[in-house]
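Peer 1: Sequence plus predicted model, see below.
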Amino acid sequence: MEHIQRTLVLFKPDAVQRGIVGEILTRFERVGLKIIGTKMIAPDESHYHKHYEEIGQVITRRGEKVFNNVLDMMNQGPVIAMVLEGVEAVDLVRKLIGLTEPKAAAPGTIRGDFSHMSYGYGDSTDKGIPNLIHASGDLEDALKEVPHWFSEDELYDYSVLHEKFTR
């Protein structure tokens, strides 16, 4: 396993609209993750289809209705897309954000601290649940998602201060 990894993080429209991107980003930086790419973007449906179905298989696993709810939620505003890099970054980011269902996310995680909706509520209202952030589910997904959202010339290689002491 490659120890230094890249992972995709999307600050979803609800995080952008609530003005908590900086507070969430601080958590990633504090654990030593490095931002190597970032941009604000409002993707079209084909971009989201590739992300959520061709890579994430949302329709295959959960159905067209769930995909449409996610698409509606993601189209409520722009997202901030980032690539973070660090030691075992994929698992570290997943641990920091918490479970996908905000209601079940532990306190201390991003979703546990900043969101609270349940799948039951989403199902009863026929809406996607705002859960602030997307992060690559595993290394295989990250290896597909990063190039889907960023070209190589949008990613930067540089040293952060703590790397000067670990190399």
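Peer 2: Structure's in. What do you need? Numbers count the residues shown, from 1 in each chain.

Peer 1: drop to CA atoms for contacts and neighbour counts, all remaining ones
Peer 2: Fine.

Peer 1: What ranges does the protein have for its helices?
Peer 2: Here the chain has its helices, by DSSP state H, at 13-18, 21-30, 45-49, 58-62, 64-74, 89-97, 110-114, 119-125, 139-149.

Peer 1: would you list the ones you listed in a markdown table and tack on mean pLDDT, mean neighbour count and distance to N131?
Peer 2: Shown next, in a markdown table, are these (pLDDT from 0 to 100; neighbours: other Cα atoms under 10 Å; distance: least, Cα to Cα, whole Å):
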| stretch | mean pLDDT | mean neighbour count | distance to N131 |
| --- | --- | --- | --- |
| helix 13-18 | 97 | 18 | 8 |
| helix 21-30 | 97 | 14 | 12 |
| helix 45-49 | 94 | 14 | 17 |
| helix 58-62 | 89 | 14 | 16 |
| helix 64-74 | 90 | 17 | 10 |
| helix 89-97 | 98 | 20 | 9 |
| helix 110-114 | 95 | 21 | 6 |
| helix 119-125 | 79 | 13 | 11 |
| helix 139-149 | 97 | 18 | 19 |
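
Peer 1: Can you give me every residue that contacts G137?
Peer 2: By Cα atoms under 8 Å, 6 or more residues apart in numbering, G137 lies in contact with V90, R94.

Peer 1: what's the pLDDT at it?
Peer 2: Confidence at G137, expressed as pLDDT, is 95.

Peer 1: Repeat that for T166.
Peer 2: On the pLDDT scale, T166 gets 63.

Peer 1: what do you get for P130?
Peer 2: pLDDT, P130: 88.

Peer 1: Name the nearest residue to it, ignoring sequence neighbours.
Peer 2: Once flanking residues are discounted, P130 sits nearest to D14: 6.2 Å by Cα to Cα, 6 or more residues apart in numbering.

Peer 1: List the residues that contact the one you found.
Peer 2: Taking Cα under 8 Å, 6+ apart, one finds P130, N131, L132 in contact with D14.

Peer 1: quick one: the second one and L161, what's the gap?
Peer 2: With the distance defined as Cα to Cα, to the nearest Å, N131 ends up 32 Å from L161.

Peer 1: what do you get for the last one?
Peer 2: For L132, the distance to L161 equals 29 Å [Cα to Cα].

Peer 1: got the contact list for the residue nearest to the spatial centre of the chain?
Peer 2: Taking Cα atoms, centre = their mean, the centroid of the chain lies closest to H134, which sits 2.3 Å from it. Counting by Cα under 8 Å, 6+ apart, H134 makes contact with L8, V9, L10, F11, K12.
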